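[1] Okay, sequence plus prediction incoming.
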Amino acid sequence: MRIHFIAIGGSAMHNLALALHAKGYNVSGSDDTIFDPSKSRLEAKGLLPGEFGWFPGKLNSDIDAVILGMHAKPDNPELARAKELGLTIYSYPEFLYEQSKDKTRVVIGGSHGKTTITSMILHVMQYHNKDVDYMVGAQLEGFDTMVKLTEDTDFIVLEGDEYLSSPIDHRPKFHLYKPNIALMSGIAWDHINVFPTYENYVDQFSIFTNEVTSGGAMVYNSEDPEVKRVVEESSNPIKKYPYRTPNYTVSNGTTLLETPEGPMPVEIFGEHNLNNLEGARWICQLMGIDADDFYEAIASFKGASKRLEKLAETANSVAFKDFAHSPSKVKATTRAVKNQYPERILLACLELHTYSSLNPEFLKEYKGALDAADTAVVFYSPHAVEIKKLDPISSEQIANAFQRDDLVIFTDPSEFKTYLFDQKLESSSLLLMSSGNYGGLDFAEVKNLL
């Protein structure tokens, strides 16, 4: 098959391009800019466009399908040419569904935890040499790409994102996969630019539940009241399997998971991660992995990329980087680090970087999110607010939102870095939470702080 990608350089798009190339498809693509690691990885397989930009001449009637990425605009000239030629145009999730119609589709959904849960499942499957297709939202240790598509496997495991499918298809991605087996980890309002009200956001998860194929299964976190309500109120004729956080203890900075064979040390920590682990265990069971085999495999799981990623550690100090940015993730991650190292001083630094987090109307959702930290710091860039065309926000608004009198607030990257590198971090835990880089912070330098 001949496949052309419009906006091939995106994280998800270039991984799909690599997967189809590995499957033997003839792949081409365009983009107006491509950064590493996408650039290097495409170049290594001969898929990097010869020059950046949009070239309608690349489209002709011999192309079997066009895949449209979110980075492209609705008036993209290549998209216009594809429509003119009557070519079949797919969004990323639509194409993944087409590739997996004859497989058992396992879809992991939820406002938080889905990358980690998907990663856990794939780790367990790889440990036991069970070959599955997959799409996951982070680069995993031991996996070449974030997407794998073959003809032979029985299962495909898909991370089910609730964000829009494409510039011309505003359905959430996870509505398009039609899962045979699904999981819902939690519901906490996010993507305010797309879902302007909480009720509208929750509706997307009701639709997701109703899209599970008749007779299929929904594994759900019964500790989340909204998840519990959405799943249990659904009249879809599916099996429903609730799960809860398993029992565990923390001893000398090590988390011990209670199992039928007794306490077992695990690499991950935090109540939210143990809750994710239990959801993954249920999914693996439905995929044919029994509890003993699951525990054996999960003991060596170190976490998904950018999720509580350890940057440095000494005998009495540790530094983590985490992707957390939504209020529920920030609260869970901060609490997890404090509970893991209760005797240490926790310095938690959060960058407000996303559209939602920089929206004055949404800021109040962060109330209490940093309460577990001994010292709490918030960094945001007024320039980022301006670029996103949002109303300006002040330090006073942020302080009021977090409801913490001692909150330290920075808007200048150099001032934040100076503050950070002036800290004495003996007997401390440092937590850096952001989907950005604090205006240019080199995370590799953080190890010099300890």
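    Now that the structure is in, tell me what you want to look at.
[2] OK, contacts around the residue of the chain most remote from its centre?
    What lies farthest from the middle of the chain is Ser61; by C-alpha atoms, centre = their mean that is 36.3 Å. Neighbouring residues of Ser61 by C-beta atoms under 8 Å, 6 or more residues apart in numbering: Leu85, Leu87. (Each C-beta comes from the backbone N, C-alpha and C, glycine too.)
[3] ok, now how distant is it from Ile6?
    To Ile6, Ser61 is 17 Å away according to C-beta to C-beta, to the nearest Å.
[4] what's the answer for Ala299, then?
    The value you get for Ala299 to Ile6, if C-beta to C-beta is used, is 43 Å.
[5] So for these two, which residue has more residues nearby?
    Higher neighbour count among Ala299 and Ile6: Ile6, with 27 against 14, using other C-beta atoms under 10 Å.
[6] Let me see the contact set for that one.
    Gly29, Ser30, Trp54, Val66, Ile67, Leu68, Gly69, Ala72, Asn76, Glu78, Leu79, Ala82.
[7] What of Asp224?
    Asp224 neighbours (C-beta under 8 Å, 6+ apart): Ser185, Gly186, Ile187.
[8] I'd like the residues you listed written out as JSON lines, with secondary structure and neighbour count added.
    Output for these, formatted as JSON lines (DSSP: H, G, I helix; E, B strand; the rest coil; neighbours: other C-beta atoms under 10 Å):
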{"residue": "Ser185", "secondary structure": "coil", "neighbour count": "24"}
{"residue": "Gly186", "secondary structure": "coil", "neighbour count": "24"}
{"residue": "Ile187", "secondary structure": "coil", "neighbour count": "26"}
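[9] ranges for the helices of this protein?
    Assigned by DSSP state H, the chain shows helices spanning 11-22, 38-44, 77-85, 92-99, 114-127, 198-210, 225-233, 271-286, 291-298, 327-340, 382-387, 395-402, 413-421.
[10] elements contacting the worst-scoring helix or strand of the chain on mean pLDDT?
    Across the helices and strands of the chain, mean pLDDT, DSSP states H and E gives its lowest value to helix 382-387, namely a mean of 82. Packed against helix 382-387 by the contact rule (3 or more C-beta pairs under 8 Å, 6 or more residues apart in numbering; DSSP states H and E) you find no helix or strand.
[11] re the thing from before, so what does the residue farthest from the centre of the chain look like in phi/psi?
    phi -70, psi -10 (degrees, to the nearest 10).
[12] Give me the subset of the contacts of Ile6 lying in strands.
    Gly29, Ser30, Val66, Ile67, Leu68 (DSSP state E).
[13] Closest to Val106 out of these?
    Ile67 (22.1 Å; C-beta to C-beta).
[14] What pLDDT does the model give Asn437?
    Listed pLDDT for Asn437 reads 89.
[15] Is it correct that it is in contact with Val446?
    No - the pair Asn437 and Val446 does not pass the contact test of C-beta atoms under 8 Å, sitting 11.3 Å apart.
[16] The two - which one has more neighbours?
    Shown here are Asn437 and Val446; by other C-beta under 10 Å, Val446 has more neighbours (19 against 14).
[17] before we move on, back to that, just the closest of the contacts of Asp224 to Tyr163, please.
    When the contacts of Asp224 are compared against Tyr163 (criterion: C-beta to C-beta), the nearest one is Ile187, at 14.6 Å.
[18] Quick one: residues contacting that closest one.
    Gly110, Ser111, Tyr201, Val202, Phe205, Asp224, Glu226, Val227, Val230.
[19] buried set for stretch 317-329?
    Across stretch 317-329, burial judged by 16 or more other C-beta atoms under 10 Å covers 317-329.
[20] These in strands, which ones?
    Val318, Ala319, Phe320, Lys321, Asp322.
[21] List of residues touching the strand of greatest length in the chain?
    The longest strand of the chain (DSSP E) is strand 345-352. Applying C-beta under 8 Å, 6+ apart, the contact partners of strand 345-352 are 324-325, 330, 334, 337-338, 358, 369-370, 372-380, 398, 416, 420, 423, 425, 427-438.
[22] next one: that strand to chain centre, how far?
    Computed by C-alpha atoms, centre = their mean, to the nearest Å, the chain-centroid distance of strand 345-352 equals 20 Å.
[23] returning to what we had before: reformat the contacts of Ile187 as TSV; add pLDDT and distance to Thr245.
    Output for these, formatted as TSV (pLDDT from 0 to 100; distance: C-beta to C-beta, whole Å):
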residue	pLDDT	distance to Thr245
Gly110	96	14
Ser111	93	17
Tyr201	96	24
Val202	97	22
Phe205	98	20
Asp224	97	11
Glu226	98	17
Val227	98	13
Val230	98	19
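[24] just these now: which is nearest Glu267?
    For the contacts of Ile187, the nearest to Glu267 is Gly110 (21.8 Å; C-beta to C-beta).
[25] So that closest one versus His272, what's the distance?
    11 Å.
[26] any chance of the ones in strands among the buried residues of stretch 317-329 in a markdown table, plus distance to Arg105 and pLDDT?
    Formatted as a markdown table, these follow (distance: C-beta to C-beta, whole Å; pLDDT from 0 to 100):
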| residue | distance to Arg105 | pLDDT |
| --- | --- | --- |
| Val318 | 39 | 95 |
| Ala319 | 38 | 95 |
| Phe320 | 33 | 94 |
| Lys321 | 32 | 93 |
| Asp322 | 29 | 91 |
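[27] May I see these arranged in a markdown table, with distance to Trp282 as well?
    Converted to a markdown table, those look like this (distance: C-beta to C-beta, whole Å):
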| residue | distance to Trp282 |
| --- | --- |
| Val318 | 31 |
| Ala319 | 33 |
| Phe320 | 27 |
| Lys321 | 29 |
| Asp322 | 25 |
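[28] Relative to Ser91, which of the residues you listed is nearest.
    Asp322 (29.2 Å).
[29] partners of the closest one in the sheet?
    The partner list for Asp322 in beta bridges (DSSP bridges) reads Met433.
[30] so who does it touch?
    Asp322 sits in contact with Lys306, Arg307, Leu308, Glu309, Thr333, Leu431, Leu432, Met433, where contact means C-beta under 8 Å, 6+ apart.
[31] try it again with 6 Å
    Contact partners of Asp322, counting by C-beta atoms under 6 Å, 6 or more residues apart in numbering, are Leu308, Thr333, Met433.
[32] same check, this time on Trp282
    Trp282 touches Val219, Tyr241, Tyr243, counting by C-beta under 6 Å, 6+ apart.
[33] The second one bridge partners, please.
    Using DSSP bridges, the bridge partners assigned to Tyr241 are Val219.
[34] mind checking how far it is from Asp31?
    Counting by C-beta to C-beta - Tyr241 and Asp31 are separated by 41 Å.
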